[in-house]
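[1] quick one: sequence plus predicted model below, questions after.
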Amino acid sequence: CCLPNSFTEAMKSQPKLEGWDCYWTYYSGLAISAVGTLFVISSFLALGFTGTFLGDYFGILMEEKVTSFPFSILDNPMYWGSTAIYLGWSLMHASPAGLLLTAVVAISYTIAVLYEGPFTEEIYRRKQKGVKSK
């Protein structure tokens, strides 16, 4: 699918949690992955190519900070949607290794948000300040 091959290979090369290898866990994981995919795709559609791929770091800003769906539901929906996809995939494969790797992804995104969040707020605050002073 769309997950990195190394993630899938790490899961498949490790033992499964036999108690989780059932329909309930599989379909729960499928639902979580579907919601994650919705957040990732709708984030991309809301931000566009430039807004998704670090446009604000290079001074290419949106007219204003995006607050429509999915940003109206969740801060950083692309990060958390991606994490949900990893979690869902791990559940679908009853993989403890996948769950551990999902935790690493979540921690990495949490650290990124600690730096990106204030940066993004500041650049849009400055932009609004510049617009008001004109």
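    Yes, it's here.

[2] so how many other residues sit close to residue 23?
    Residues near residue 23, counting by other CB atoms under 10 Å, number 7. Bear in mind the C-beta positions are built from the backbone N, C-alpha and C, glycine included.

[3] from residue 117, how far out is it?
    Distance, residue 23 to residue 117, using CB to CB, to the nearest Å: 39 Å.

[4] give the contact list for residue 46.
    66, 68-71 (CB atoms under 8 Å, 6 or more residues apart in numbering).

[5] quick one: which helix or strand includes it?
    If you go by DSSP states H and E, residue 46 is part of helix 23-52.

[6] okay, buried residues for that helix please.
    25-26, 28-29, 32-33, 36-37, 39-40, 42-44, 46-47, 51 (16 or more other CB atoms under 10 Å).

[7] residue 67: which element?
    Using DSSP H and E, residue 67 falls outside every helix and strand.

[8] state the number of residues packed around it.
    Residues near residue 67, counting by other CB under 10 Å: 8.

[9] could you do residue 80 as well?
    Neighbour tally, residue 80, other CB under 10 Å: 23.

[10] my guess is it contacts residue 109. True?
    Yes. Under the criterion of CB atoms under 8 Å, residue 80 makes contact with residue 109 at 7.3 Å.

[11] report the longest helix in this structure, please.
    helix 96-133 (DSSP state H).

[12] buried ones in the helix or strand where residue 7 lies, by neighbour count?
    Using DSSP H and E, the element containing residue 7 is helix 5-12. By 16+ other CB under 10 Å, the buried positions in helix 5-12 come out as 7, 11.

[13] equivalent analysis for stretch 87-107, please.
    Applying 16+ other CB under 10 Å to stretch 87-107 flags 87-95, 97-99, 101-102, 105-106 as buried.
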